[in-house]
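# Sharing a model that was predicted from the sequence below.
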Amino acid sequence: MFGFRFAKFQPSEYVMKIKNGKVVKEGVGLAFHYYAPTTSVVVVPVSSIDVPFMFDEMTSDYQRITVQGQLIYRIAEYRRMTEVLNYTYDLKKQRYLSDDPALLSQRVVNIVKVRIKRGLARMPLREAIQASENLAQSLRAELVQDEEMAALGVELMGLSILAILPNKDTMRALEAKAREEILQDADEALYRRRNASIEQERQVKENELNTEIAVETKKRQIRETQLNAERAVKQKKHEMAEEQLRFDIGMESDRQELIGLETSNRKVAADAKAYELTAVMKSLENVSPGVLEAMAQMDMQPDKLIAIAFRDMAGNAEKIGQLNITPDLLQGLMGGQANPAARGGGPR
């Protein structure tokens, strides 16, 4: 009524109430009464603003690529922003009086675009399509200190480059080349795998041969050891045989020497016996046979004397008429004893 009205704003809006060209009230989320014919209101958003972007650029090797990304910013200096752009708000129609607020995002995107273009112009296609993360990091560092962003009173909160893509024909060419490289890598991998298999098989064969060689070497060493042991045994036996032979030769020599000594001794003994007999025979040359016989019969056993008597009787048998020998006498003579009955018997 009569031009007086009431306005209420959200906490995400910074509001400046201007009357007769002067700011009479400002703040976040204000609510106030105003007189419409003499009051103007400037509304600046406080919250962050997300702006997606997509544009085409050229790489250093003259290949066209498409850059897709998103940036997040907010207005940090409200008064400076109102000095650069018109944020006057029509309270009756609930909209801005100009298109400047909508142009802010485009201005920020243009600043980012210039930076991206400058970075991609130094890269070839293959490097550019893989440089999204590195490019985004470098852009964030540059935009924090950018003078144009500072002049607008805008603060960058985030920047992401989602994709850097070539056109379809280039993409197909890259895919074909990549596919060929992948197939070539697969062939090389198969070749390497087969070579590795052959190499492993060769190593297995070589190990088997080395094992056989080692076994044969060990067998040869064992056989040589056995032969050496047999040779040592034979040599020891030969030494023992030689030692036994030398011992036998020594024994034979000693035996021969002993036999020689025995022979010499017997010869000496025989010579002494012969000399003794010769001396005895010479001393008995003049003795009568009867005396010699009597001397021989001295100290003889009775049975021998009886035998000599029988021999003499047998020698004079023609002179004996009759001779009776009783069994008792014969038994006494055979037993070496003379009993009384035997003593009574005799020639008649």
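Ah, there it is. Quick caveat, the model's predicted, so the values are computed rather than measured.
# And the pLDDT at the closest residue in space to Val23 that isn't next to it in sequence?
Residue nearest to Val23 in three dimensions, not counting chain neighbours: Met16, with 5.2 Å by CB to CB, 6 or more residues apart in numbering. The C-beta positions use only the backbone N, C-alpha and C, and glycine is treated the same way. Here, the pLDDT recorded for Met16 equals 89.
# so what secondary structure elements neighbour the helix or strand containing Met16?
Per DSSP states H and E, Met16 falls inside strand 13-19. Using 3 or more CB pairs under 8 Å, 6 or more residues apart in numbering; DSSP states H and E, the elements in contact with strand 13-19 are strand 22-28, strand 31-35, strand 39-45, helix 78-84.
# coming back round to it: on the strand side of things, show who the residue nearest to Val23 bridges to.
Beta bridges link Met16 to Glu26, Val42, judged by DSSP bridges.
# Give me the buried positions along the strand holding Met16.
Glu13, Tyr14, Val15, Met16, Lys17, Ile18 (16 or more other CB atoms under 10 Å).
# what residues are up against the third one?
Residues counted as contacts of Val15 (CB atoms under 8 Å, 6 or more residues apart in numbering) are Phe9, Lys25, Glu26, Gly27, Val28, Gly29, Leu30, Val41, Val42, Val43.
# and the fourth one, how many neighbours?
Other residues near Gly27 number 12, with proximity taken as other CB atoms under 10 Å.
# can you list the weak-confidence ranges in the chain?
Applying pLDDT under 70 to the chain flags residues 1-2, 284-307, 309, 312-325, 329-330, 332-348.
# Relative to Glu201, how far out is the residue nearest the centre of it?
With distances taken as CA atoms, centre = their mean, Asn207 lies nearest the centre of the chain, 15.3 Å away. Per CB to CB, to the nearest Å, Asn207 is found 11 Å from Glu201.
# was I right about the residue nearest to Val23 contacting Phe32?
No: the pair Met16 and Phe32 fails to qualify as a contact (CB atoms under 8 Å) at a distance of 11.3 Å.
# quick one on the thing from earlier: and the helices and strands packed on strand 13-19: which comes nearest Pro327?
strand 39-45 (181.5 Å; CB to CB).
# Give me the residues contacting the closest one.
7, 9, 12-19, 34, 75, 78, 81-82, 87-89, 91, 96, 101.
# Kindly list the longest helix within the protein.
Counting by DSSP state H, the longest helix found in the chain is helix 168-283.
# Distance from the chain centre to that helix, please.
Taking CA atoms, centre = their mean, to the nearest Å, one finds helix 168-283 lying 33 Å from the centre of the chain it belongs to.
# Which elements pack onto the helix or strand where Glu155 lies?
Glu155 is part of strand 154-166 when elements are defined by DSSP H and E. On a contact count with 3+ CB pairs under 8 Å, 6+ apart, strand 154-166 meets strand 64-75, helix 100-120, helix 132-144.
# again, only this time at 10 Å
With contacts defined as 3 or more CB pairs under 10 Å, 6 or more residues apart in numbering; DSSP states H and E, strand 154-166 has these neighbours: strand 49-58, strand 64-75, helix 78-84, helix 100-120, helix 125-128, helix 132-144, helix 147-152, helix 168-283.
# Can I get it in PDB? Just the C-alpha atoms.
The C-alpha trace of strand 154-166 is given here as PDB (Å, rounded to 0.1, in the frame of the first residue of the first chain):
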ATOM      1  CA  VAL A 154      35.700 -14.700  -7.900                       C
ATOM      2  CA  GLU A 155      37.500 -17.600  -6.000                       C
ATOM      3  CA  LEU A 156      38.000 -20.900  -7.800                       C
ATOM      4  CA  MET A 157      37.000 -23.900  -5.600                       C
ATOM      5  CA  GLY A 158      37.600 -26.700  -7.900                       C
ATOM      6  CA  LEU A 159      38.400 -27.700 -11.500                       C
ATOM      7  CA  SER A 160      38.100 -31.100 -13.100                       C
ATOM      8  CA  ILE A 161      38.800 -32.100 -16.700                       C
ATOM      9  CA  LEU A 162      36.600 -35.200 -17.300                       C
ATOM     10  CA  ALA A 163      37.800 -36.100 -20.800                       C
ATOM     11  CA  ILE A 164      39.900 -35.000 -23.700                       C
ATOM     12  CA  LEU A 165      38.700 -36.800 -26.800                       C
ATOM     13  CA  PRO A 166      39.700 -36.600 -30.500                       C
END
